[in-house]
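Enquirer: when you get a sec, could you give me coordinates for this:
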Amino acid sequence: MNIIDLQFYRLAEEISALSRGALYEKMRTSFDGLSPDIRNRLSVYFGKFGFWGKLDPANGVFEEIELKADELHNHIDDFVWLYGRLSDYRSKKTLYAVLNNWYAYDFKTTTQVKEYAFDEYFDHDIIPDARDEVFVDLGAYFGESTLSFVLNYGKECYRKIYCYEITPSVFAELEKTLSVLPDVDCRMKGVADREGAMKISVCPASISANTLSDQGEIEVTVTSLDADISEPVSIIKADIEGGEQRALTGARNHIVNDHPKLLFSVYHGNEDLWKIARMIDEMSSDYKFYMRLKGSVVYPTEITLFAI
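Expert: A predicted model of the protein is given here:
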């Protein structure tokens, strides 16, 4: 057993031995020991986005810490399962770094594992080459991921690209940006586990964080990948602000029949970090899993699960 294994399993054992209340108090103590600047940065960030709960120490609100304590207490066995399924030690250390950041506000290890060598979804150690792919970009935004895909693997990397985006103003720019590429089909639809319509919940902090909701002023068509794409697909990238689980459910037939490479964001909800891997494994147990961190080392974001 190497040092990464020892660190992870010691952390898991320590968390398992604590009651939920004792776990929360330990996490609160770690938070209270941070510098005022870091505590303020965390409060401001979690105040902008509604994915992880509120954090407002000045008013005694620590919902964000409570929710992470719940996740660690209730699902440490799922995190241990995931650790065992990760296929390289960069991935294993990344999972350890994220969990120890939640538990002890460890920024040193997140700094060590943060990815700088490759673009966010196209780690050449995981996907060394691509050719004649049918690439699906969920949450295409302004087309950055699609352009990165072509830049990393060349113009012959695909024969068809499908891009999905829900925000009308963003979609117009997406079409304009990707008009330079052939065989790209941009669709202004939300992707979930059913067909129908939903509303767009606008995020005041950033239009990139707009989400599908039952409430909102803008209605958008919603579909599933199984219903919307009839041909086999070979890569699915998903960064859809908390909608990844529903999109995954709606792509079950493609996953079972086509076995596409899956590049899924797993940081918009605490349970996403383990549950999306569990869902994929239930659909097809022969996937190999990898994990990379591209975002902040203080509040870990831009975490991608690769299922290959």
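
Enquirer: and Lys108, how many residues sit next to it?
Expert: 10 (other Cβ atoms under 10 Å). The C-beta positions use only the backbone N, C-alpha and C, and glycine is treated the same way.

Enquirer: for the spatially most central residue of the chain, grab phi and psi.
Expert: Nearest to the geometric centre of the chain sits Ser265, at 1.7 Å (Cα atoms, centre = their mean). Note on Ser265: backbone dihedrals following degrees, to the nearest 10 are phi -70, psi 140.

Enquirer: name the nearest residue to it, sequence neighbours excluded.
Expert: Asp239 (4.3 Å; Cβ to Cβ, 6 or more residues apart in numbering).

Enquirer: surely that neighbour and Ser145 touch.
Expert: Yes. Look at Asp239 against Ser145 with Cβ atoms under 8 Å: they come within range, at 7.5 Å.

Enquirer: any idea how far Gly143 is from Ala277?
Expert: 28 Å (Cβ to Cβ, to the nearest Å).

Enquirer: quick one: which of those two has more around it?
Expert: Gly143 (26 against 23).

Enquirer: just say helix, strand or coil for the closest residue to that one other than its chain neighbours.
Expert: Spatial nearest neighbour of Gly143, excluding adjacent residues (Cβ to Cβ, 6+ apart): Thr177 at 4.2 Å. Look at Thr177: counting by DSSP: H, G, I helix; E, B strand; the rest coil, its state is helix.

Enquirer: would you mind measuring from Thr177 to Ser169?
Expert: Taking Cβ to Cβ, one finds Thr177 at 13 Å from Ser169.

Enquirer: do the same with Asp239
Expert: 18 Å.

Enquirer: give me the more crowded residue out of those two.
Expert: Asp239 (22 against 8).

Enquirer: and the more buried one, what pLDDT?
Expert: Asp239 is assigned 95 on the pLDDT scale.

Enquirer: residues making contact with stretch 16-26?
Expert: Outside stretch 16-26, the residues within contact range by Cβ atoms under 8 Å, 6 or more residues apart in numbering are Ile15, Ile65, Glu66, Ala69, Asp70, Leu72, His73, Ile76, Tyr103.

Enquirer: which member of the residues you listed is positioned nearest Gln7?
Expert: Tyr103 (11.9 Å; Cβ to Cβ).

Enquirer: may I see the buried residues of the host helix or strand of the closest one?
Expert: Assignment of secondary structure by DSSP states H and E places Tyr103 within helix 89-104. Residues of helix 89-104 classed as buried by neighbour count (16 or more other Cβ atoms under 10 Å): 90-104.

Enquirer: ok, and what's touching that helix?
Expert: 2, 4-5, 7-8, 11, 15, 26-27, 30, 68, 71-72, 79, 82-83, 86, 106-107, 109-110, 112-113, 125, 273, 289-293, 297, 299-300, 303.

Enquirer: ok, which stretches of the protein are strands?
Expert: Remark: strands assigned in the chain by DSSP state E are 133-138, 158-164, 184-187, 190-191, 196-201, 211-213, 218-223, 235-238, 261-265, 289-293, 303-307.

Enquirer: how about the longest one: buried residues?
Expert: Think strand 158-164. Tyr158, Lys160, Ile161, Tyr162, Cys163, Tyr164.

Enquirer: closest to Met198 out of those?
Expert: Tyr164 (13.2 Å).

Enquirer: measure the closest one to Ala140 for me?
Expert: 6 Å.

Enquirer: swap in Leu293?
Expert: 22 Å.

Enquirer: hey, which helix is longest across the protein?
Expert: helix 63-85 (DSSP state H).
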